[in-house]
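Undergrad: Any chance you can model this:
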Amino acid sequence: MTNVFISLPVTDLERTKAFYTALGCAINPEMSDENGVCVVWDDNVYFMMITREFFATFTEKPIVDPKVSLQTSASFALDSREEVDAAIAKGLAAGGTEPQPAQDYGFMYSRDLDDPDGNSLGFLYMVPAGEQGAEAPVAAAPVATASDVTS
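TA: I've put the predicted structure just below:
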């Protein structure tokens, strides 16, 4: 199995740890130091959240500010619309923002979440093959707010 490491620039490592642990991720202390934090999404997916200054040592290219420019978005397929909504609610409660309304195409339900630094995460649910058409498309679903979180 291939492990995936996604490196993203951040400005505050403690805030980053708090945000991603609120989403249910673990922190790998063996791969974390004052320059970055290893966020364990699952057994094969890791986010290397690296301070902007240290991140810049890996490239001659300018490091974009994710609050104003989108360089990349990591998306995760979940098992239900409810899991998508729950992930967004946890992220909003932990200081994230939802940059646009939910997208509901009938066969796919998708919501985006920006972490406190503006790095973009997507959460989606794909209706299983054969069940497509069971859910009618909607232009935009209601957006959860931090006050909607009950857990």
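Undergrad: CA atoms for contacts and neighbours, from now on please.
TA: Will do.
Undergrad: what about the strands in the protein?
TA: 4-10, 26-33, 36-40, 45-51, 73-77, 103-104, 108-114, 120-126 (DSSP state E).
Undergrad: right, so of these, which gets closest to Asp65?
TA: For Asp65, the closest of the strands of the chain is strand 4-10, at 8.4 Å, according to C-alpha to C-alpha.
Undergrad: So, low pLDDT: which residues of the chain?
TA: 130-151 (pLDDT under 70).
Undergrad: May I see the domains of it written out as residue ranges?
TA: 4-58, 73-148 (automatic domain parsing).
Undergrad: In JSON lines, list those domains along with mean neighbour count and distance to Val64.
TA: Converted to JSON lines, those look like this (neighbours: other C-alpha atoms under 10 Å; distance: least, C-alpha to C-alpha, whole Å):
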{"stretch": "domain 4-58", "mean neighbour count": "17", "distance to Val64": "9"}
{"stretch": "domain 73-148", "mean neighbour count": "17", "distance to Val64": "10"}
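Undergrad: Just send the ones you listed back as CSV, with distance to Asp65 too.
TA: Listed next are the domains of the chain as CSV, based on distance: least, C-alpha to C-alpha, whole Å:
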stretch, distance to Asp65
domain 4-58, 8
domain 73-148, 8
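Undergrad: Turn the strands of the chain into TSV, including distance to Ile88.
TA: Converted to TSV, those look like this (distance: least, C-alpha to C-alpha, whole Å):
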stretch	distance to Ile88
strand 4-10	20
strand 26-33	18
strand 36-40	18
strand 45-51	18
strand 73-77	12
strand 103-104	13
strand 108-114	6
strand 120-126	8
